[in-house]
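K.L.:
Fold the following.
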Amino acid sequence: MKNYTITVNGVAYDVTVEEGGAGSAPVRAAAPVAAPKAAPAPAAAKPAAAAAGGIEVKASVPGKVFKVEASVGQAVKAGDNIVILEAMKMEIPVVAPEDGTVASINVGVGDAVESGELLASLN
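P.N.:
Model (predicted):
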């Protein structure tokens, strides 16, 4: 006999399986037991650069940073290019969502980025 603990929809069951030679093994399940609690995920720390500016500029697609067109301290208008990403052999501009001043640039040319990753912040 072998004992297993199986969790179904957050409820843990202790199960005993008898080994049989004919391919049909009877299964006995005990009453549900409390599932072990998962450790809480640590709170994601906000990058220091994001704290530098209240407006976050994030990647809309995964790709590689092709060009950084803005610099820290530069005033930008809504729609101005901040970073150019390369994805699927296309250049995709990431623009300022509103008027402001560039507080930080969090990426460099050649960096691989994921969708939603913080690229820059504005004040």
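K.L.:
Which residue ranges of the protein form helices?
P.N.:
48-52 (DSSP state H).
K.L.:
what comes up buried for stretch 115-123?
P.N.:
Leu118, Leu119, Ala120, Ser121, Leu122 (16 or more other C-beta atoms under 10 Å). C-beta coordinates here come from the backbone N, C-alpha and C atoms, glycine included.
K.L.:
So which residues make contact with that stretch?
P.N.:
47, 49-50, 52-62, 65, 70, 76, 82-83, 94, 96-98, 100-107, 113 (C-beta atoms under 8 Å, 6 or more residues apart in numbering).
K.L.:
End to end on stretch 85-95, go ahead and measure it.
P.N.:
Stretch 85-95 has its terminal residues 11 Å apart, counting by C-alpha to C-alpha, to the nearest Å.
K.L.:
need the helix or strand of the chain with the lowest average pLDDT.
P.N.:
In the chain, no helix or strand scores lower on mean pLDDT, DSSP states H and E than helix 48-52, which sits at a mean of 49.
K.L.:
how much space between the nearest residue to Asn3 once chain neighbours are set aside and Asn81?
P.N.:
Distances taken as C-beta to C-beta, 6 or more residues apart in numbering place Thr16 nearest to Asn3, at 5.4 Å, with adjacent residues excluded. Thr16 sits 64 Å away from Asn81, going by C-beta to C-beta, to the nearest Å.
K.L.:
re the thing from before, and the buried residues of stretch 115-123, which of them are in strands?
P.N.:
Leu118, Leu119, Ala120, Ser121, Leu122 (DSSP state E).
K.L.:
where's the last one relative to Lys2, distance?
P.N.:
In this structure, Leu122 lies at 60 Å from Lys2, with C-beta to C-beta as the measure.
K.L.:
next one: the first one
P.N.:
According to C-beta to C-beta, Leu118 and Lys2 sit 49 Å apart.
K.L.:
before we move on, what about the second one?
P.N.:
Spatial separation of Leu119 from Lys2 under the definition C-beta to C-beta is 52 Å.
K.L.:
burial of Asp14, as a residue count?
P.N.:
14 (other C-beta atoms under 10 Å).
K.L.:
just checking, it touches Thr7?
P.N.:
No - Asp14 lies out of contact with Thr7 (C-beta atoms under 8 Å); the separation is 10.8 Å.
K.L.:
Great, nothing more from me.
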